[in-house]
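> Quick check, what structure comes out for this input:
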Amino acid sequence: MTGLREQLRLYLVTDPILCTPFGLVETVQQAVAGGVTMVQLRTKDASTPARIDMALALKQALYGTGVQLIVNDDLEAAIAANADGAHIGQGDMPPVQARALLGSGKILGLSCETEQTVKAADPNSVDYLGLGPVFATTTKTDHERPIGFDGLARLVALTSLPTVAIGGLRPAHQQDVLASGADGQAVVSAICGQTDPKAAAQLFNQTEAPS
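Reported below is the predicted structural model:
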């Protein structure tokens, strides 16, 4: 199995509205066929039972692909569905508490938007950091001021943990993301909102990492 840094290369974050044309499962299947390396189930308005059902359906769809499934903000759903891990924000439960609930064998991601939160992230509890927003994005309206690629590079330099950039990113940004030192980028509408999710994902994989 590939390491976590490689798995973060193209990280799909689902949006239930944008996934409507094909449905959640088919959108994810197409995206993975196009090169997505990790999938996060994010659906803010769903109940925990509904998230569990969606996570179980995605787990079945991802079986055999080697692509890990992360559940956003809902530890109960992540545990009940036996997802590969969970992702939390600064306003959620403390990472040490989330780690205790998840156990040592699962992946735990943490969103960080400032130098202070990156420095405070404990590698004993957290496996990777989501850094941003690089640009403003309509799929998450409560974010901090965009940090740009210079800000992204500064945050990456403050941690030894694997990192994934997020916030308004498109295929044209892949080279800048990798040049910043981040291991990959998380995207929502650049894949979920496209008429061909597989082709949209493939566009991200046409850029090689800087030597």
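> any idea which element residue 129 lies in?
If you go by DSSP states H and E, residue 129 is part of strand 128-131.
> That strand pairs with which strands, and in what direction?
Partner strands for strand 128-131, per DSSP bridges, with pairing direction: strand 107-112 (parallel), strand 163-166 (parallel).
> So which bits of that strand are buried?
Within strand 128-131, the residues that qualify as buried are 128-131, counting by 16 or more other CB atoms under 10 Å. Where C-beta positions appear, they are placed from N, C-alpha and C, glycine not excepted.
> any idea of the mean pLDDT in the following helix or strand past that strand?
Per DSSP H and E, the first helix or strand lying C-terminal to strand 128-131 is helix 148-156. In this model, helix 148-156 has an average pLDDT of 97.
> And stretch 84-94, by the same measure?
Taken as a whole, stretch 84-94 carries a mean pLDDT of 95.
> Number the chain from 13, please
With the count now opening at 13, the last piece we talked about shows up as stretch 96-106.
> Return the set of buried residues in it.
Neighbour counts over stretch 96-106 (16+ other CB under 10 Å) mark 96-101, 104 as buried.
> pull the longest helix from the protein.
helix 60-74 (DSSP state H).
> ranges for the helices of the chain?
Remark: helices assigned in the chain by DSSP H are 16-19, 36-45, 60-74, 87-92, 107-114, 127-132, 160-168, 186-191, 201-204, 209-216.
> closest to residue 174 out of the ones you listed?
Taking CB to CB, helix 16-19 is the member of the helices of the chain nearest to residue 174, at 4.7 Å.
> Would you mark the buried spots in that closest one?
Applying a neighbour-count criterion of 16+ other CB under 10 Å, one finds 16, 19 buried in helix 16-19.
> Relative to the whole chain's centre, how far out is it?
Distance, stretch centre to chain centre, for helix 16-19: 11 Å (CA atoms, centre = their mean, to the nearest Å).
> Stretch 46-56 too?
The answer for stretch 46-56 is 6 Å, by CA atoms, centre = their mean.
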